[in-house]
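Asker: turn this into a model:
(one chain, ligands or ions: 2)
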Amino acid sequence: MASTHITKYICTECGHTTTTKTGKCPFCNSWGTLEPAEDTPKPARKSPASRAKVISALEVRAPERLSTGINELDRVLGGGLVPGGVALIGGQPGIGKSTLLLQAAGSVARNYGVPVLYISGEESEAQVALRASRINTASEKLYLYSGSELDEALSSLDGNNFAFFVLDSVQAMTADSNSGWPGSINQVREVAQRVIDAARAKNIPAVLIGHITKDGKLAGPMILEHMVDTVLNFSGDNYSSYRMLRAVKNRYGSTDELGIFEMREDGLHPVTDKSGLYWNRDDVSVPGVAMTIALEGSTPLAAEIQTLAARTVFPYPRRTSRGIELNRFQLLTAVIDRRCSIATGSHDLYINVAGGLTLQDPSADLPACAAIASALKNAPLQPGTCWLGEVGLAGEIRPVSRIDLRLKEAARLGFHSAVVSSREKVRFDGIKIIPVSHIDEALAGLLLK
Ligand code: TYD
Ligand code: MG
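Answerer: Numbering: from 1, shown residues only. Ligands and ions are numbered 1, 2, ... in the order given. Now for the predicted structure:
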């Protein structure tokens with residue numbers, strides 16, 4: 001019987017394959033994303049050469065790192081670029097991906113005196129050269145390939161002994177003229193695989209720049225994120241010039257570091273005093289305002305929690321929150337009501353973390369409770385004090401992670417005392433510690449009448 005060819009369809013959003021073309025992907029429910037999939041030949045079966053080995057008998061070597069010369073980027077990468085490793089950085093258009101990587105490429109070329117290749121599939125030579133001179137990163141060792149043919153681009157890697165390369169962007173390159181438009185699922189997968197192979201073969205690091213979809217996911221097959229070693233997310237909003245860099249996946253380091261940059265006329269600048277971003281230094285002795293030091297990875301950030309209490313005109317009071325999860329805010333309000341005997345039912349309560357910061361760290365419980373109580377009592381909290389603690393349903397105050405690091409930052413910023421759990425083992429003596437075990441006790445002495 002002659003074999004019939006069945007057309008397969010693949011979802012450009014999630015990579016799901018199906019044999020029926022439907023308007024909606026049955027797996028991820030995206031509309032209009034199913035495209036005919038080319039049959040990719042199965043790789044030839046390899047002979048079973050490798051055998052399982054005892055893990056403790058294997059040689060352990062920390063990977064050597066290539067510093068990008070940009071501290072914030074190195075830290076998020078886990079200490080720098082890893083030779084043979086591939087990182088993928090995603091972010092909205094215009095956020096500064098090309099600028100960041102051009103700066104990194106330029107500074108590797110300058111600091112190490114080694115050739116670096118920047119492949120731009122999106123911008124012309126003139127555009128990239130203009131940007132390089134604007135951000136003052138042009139160097140004799142920085143090479144540019146502008147064009148969208150991947151083969152040609154990667155063949156420029158031969159010969160010059162390049163030490164690092166950047167590909168801008170994975171969606172703009174064509175790997176194989178038979179696999180559809182640039183950016184289609186097959187093209188993206190092929191481009192990424194060829195770049196990974198090239199980086200491994202030459203044992204040099206590579207960074208891929210990727211576009212994201214409107215809901216913030218990297219455009220292209222989901223498998224893209226599995227293929228690379230590190231996935232970074234570059235984000236920010238249209239209202240500020242600050243940009244955040246985070247690792248979403250990192251085979252060579254932790255994923256909880258945060259890098260902050262400021263976009264200026266001459267490119268991206270690392271922000272060193274991160275606490276200053278979210279803290280208005282003057283305005284602290286107002287009722288409803290409490291200060292804390294939150295942690296983003298290993299970066300301490302001063303945060304100002306503000307609460308407003310207004311007599312309600314509705315049958316039941318409103319609770320609105322920004323920067324703290326609403327359920328947690330409601331729970332903390334209930335703790336204040338029951339454990340501190342401060343009536344909350346007659347007031348609408350609004351909570352906000354200044355500067356647009358979102359606090360997920362449980363250490364924000366205690367400052368949030370202090371702010372709520374202070375707003376309801378219309379009495380400011382003792383100035384110059386920061387609050388660090390998790391609050392349980394019984395009103396007990398629990399220790400937080402890395403207290404010494406937080407206290408050090410609080411002292412650096414000029415706080416003179418810190419309210420912490422009495423179970424906290426503190427080794428830092430640069431600040432006055434006020435140990436408390438219960439929320440009631442915490443508020444008793446610290447609300448100004
Ligand atoms: P870009 O790096 O092109 O973003 P992406 O590659 O993520 O799309 O950054 C573009 C924006 O950054 C552009 O709107 C202008 C701004 N910008 C500056 O403010 N200063 C600069 O020095 C540069 C190069 C760009
Ligand atoms: Mg770009």
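Asker: the closest residue to residue 396 other than its chain neighbours: neighbour count?
Answerer: Using C-beta to C-beta, 6 or more residues apart in numbering and skipping the chain neighbours, the partner closest in space to residue 396 is residue 438 (6.0 Å). Glycine gets a C-beta too; all of them are placed from N, C-alpha and C. Residues lying near residue 438 (other C-beta atoms under 10 Å) number 18.
Asker: residue 131 now?
Answerer: By other C-beta under 10 Å, 18 other residues sit near residue 131.
Asker: wasn't it part of a helix?
Answerer: Yes - assessed with DSSP: H, G, I helix; E, B strand; the rest coil, residue 131 lies in a helix.
Asker: tell me the contacts of the closest residue to it other than its chain neighbours?
Answerer: Leaving aside its sequence neighbours, residue 131 sits nearest to residue 102 (C-beta to C-beta, 6+ apart; 6.2 Å). Residues in contact with residue 102 (C-beta atoms under 8 Å, 6 or more residues apart in numbering) are 118, 128, 131-132, 135, 137, 166.
Asker: check those residues one by one and keep those near ligand 1.
Answerer: Residues of the contacts of residue 102 in contact with ligand 1 (C-beta under 6 Å from any ligand atom): 131, 135.
Asker: just list the residues touching the residue nearest to the spatial centre of the chain, thanks.
Answerer: Nearest to the mean C-alpha position of the chain, by C-alpha atoms, centre = their mean, lies residue 246 at 2.4 Å. Shown in contact with residue 246 (C-beta under 8 Å, 6+ apart): 76, 232-233, 235, 255, 257-259.
Asker: sorry, back to before: which of the contacts of residue 102 count as buried?
Answerer: Burial of the contacts of residue 102 was assessed by neighbour count (16 or more other C-beta atoms under 10 Å); the buried members are 118, 128, 131-132, 135, 137, 166.
Asker: around ligand 1, pick out the residues from the stretch 101-250 of the chain.
Answerer: Counting by C-beta under 6 Å from any ligand atom, the stretch 101-250 of the chain sits next to ligand 1 at 131, 134-135.
Asker: mind redoing it with 5 Å?
Answerer: 131, 135 (C-beta under 5 Å from any ligand atom).
Asker: where along the stretch 151-300 of the chain do the strands fall?
Answerer: 164-168, 206-211, 230-236, 242-250, 258-264, 267-270, 289-296, 299-311 (DSSP state E, counting those that start in this stretch).
Asker: now mean pLDDT and distance to residue 15 too, for these, in TSV please.
Answerer: Formatted as TSV, the strands of the stretch 151-300 of the chain follow (pLDDT from 0 to 100; distance: least, C-beta to C-beta, whole Å):
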stretch	mean pLDDT	distance to residue 15
strand 164-168	95	21
strand 206-211	95	15
strand 230-236	91	16
strand 242-250	90	17
strand 258-264	91	29
strand 267-270	94	32
strand 289-296	92	31
strand 299-311	92	34
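Asker: quick check: next helix or strand after the worst-scoring helix or strand of the chain on mean pLDDT?
Answerer: Taking mean pLDDT, DSSP states H and E as the measure, the helix or strand of the chain with the lowest value is strand 34-37, at a mean of 80. Where DSSP states H and E defines the elements, the next helix or strand beyond strand 34-37 is helix 71-77.
Asker: which positions in that next one come out as buried?
Answerer: 72-77.
Asker: any chance you could map the helices in the chain?
Answerer: 71-77, 97-112, 125-134, 150-155, 185-202, 223-227, 326-339, 365-377, 403-412, 439-444 (DSSP state H).
Asker: name the helices or strands packed onto the first one?
Answerer: Using 3 or more C-beta pairs under 8 Å, 6 or more residues apart in numbering; DSSP states H and E as the contact definition, the elements that helix 71-77 packs against are strand 230-236, strand 242-250, strand 258-264.
Asker: restricting to C-alpha, output the first one in CSV.
Answerer: Provided in CSV are the C-alpha atoms of strand 230-236 (Å, rounded to 0.1, in the frame of the first residue of the first chain):
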residue,chain,number,x,y,z
THR,A,230,20.8,31.1,30.3
VAL,A,231,17.6,33.1,29.7
LEU,A,232,17.6,36.7,30.7
ASN,A,233,14.6,39.1,30.8
PHE,A,234,15.2,42.8,30.2
SER,A,235,12.2,44.8,31.3
GLY,A,236,11.1,48.3,32.2
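Asker: if we look at it, which residues are touching it?
Answerer: 76-78, 85-92, 95-97, 100, 218, 225, 242-253, 263.
Asker: are any of those buried, and which?
Answerer: For these, buried by 16+ other C-beta under 10 Å: 76-78, 85-92, 95-97, 100, 218, 225, 242-247, 250, 252-253, 263.
Asker: nearest spatial neighbour of residue 196, chain-adjacent residues omitted?
Answerer: Closest to residue 196 by C-beta to C-beta, 6+ apart is residue 86, at 5.1 Å.
Asker: that neighbour against residue 229, yeah?
Answerer: Yes - look at residue 86 against residue 229 with C-beta atoms under 8 Å: they come within range, at 5.7 Å.
Asker: quick check, the residue in the stretch 201-350 of the chain closest to ligand 1?
Answerer: With C-beta to the nearest ligand atom, the shortest gap between the stretch 201-350 of the chain and ligand 1 falls at residue 267, namely 4.2 Å.
Asker: so who does that residue touch?
Answerer: Residues near residue 267 by C-beta under 8 Å, 6+ apart: 99, 103, 134-137.
Asker: bridged to it, which residues?
Answerer: Counting by DSSP bridges, residue 267 is bridged to residue 264.
Asker: so how far is residue 212 from it?
Answerer: 22 Å (C-beta to C-beta, to the nearest Å).
Asker: same deal with residue 110?
Answerer: Taking C-beta to C-beta, one finds residue 110 at 30 Å from residue 212.
Asker: if we can go back for a sec, residue 26: which of the contacts of residue 246 is nearest?
Answerer: For the contacts of residue 246, the closest approach to residue 26 (C-beta to C-beta) belongs to residue 233, at 28.1 Å.
Asker: tally of neighbours for the closest one?
Answerer: 20.
Asker: same question for residue 278.
Answerer: There are 18 residues near residue 278, going by other C-beta under 10 Å.
Asker: excluding its backbone neighbours, what's nearest it?
Answerer: residue 355 (3.6 Å).
Asker: what about that neighbour, neighbour count?
Answerer: 17.
Asker: residues contacting it?
Answerer: Residue 355 neighbours (C-beta under 8 Å, 6+ apart): 277-279, 303-304.
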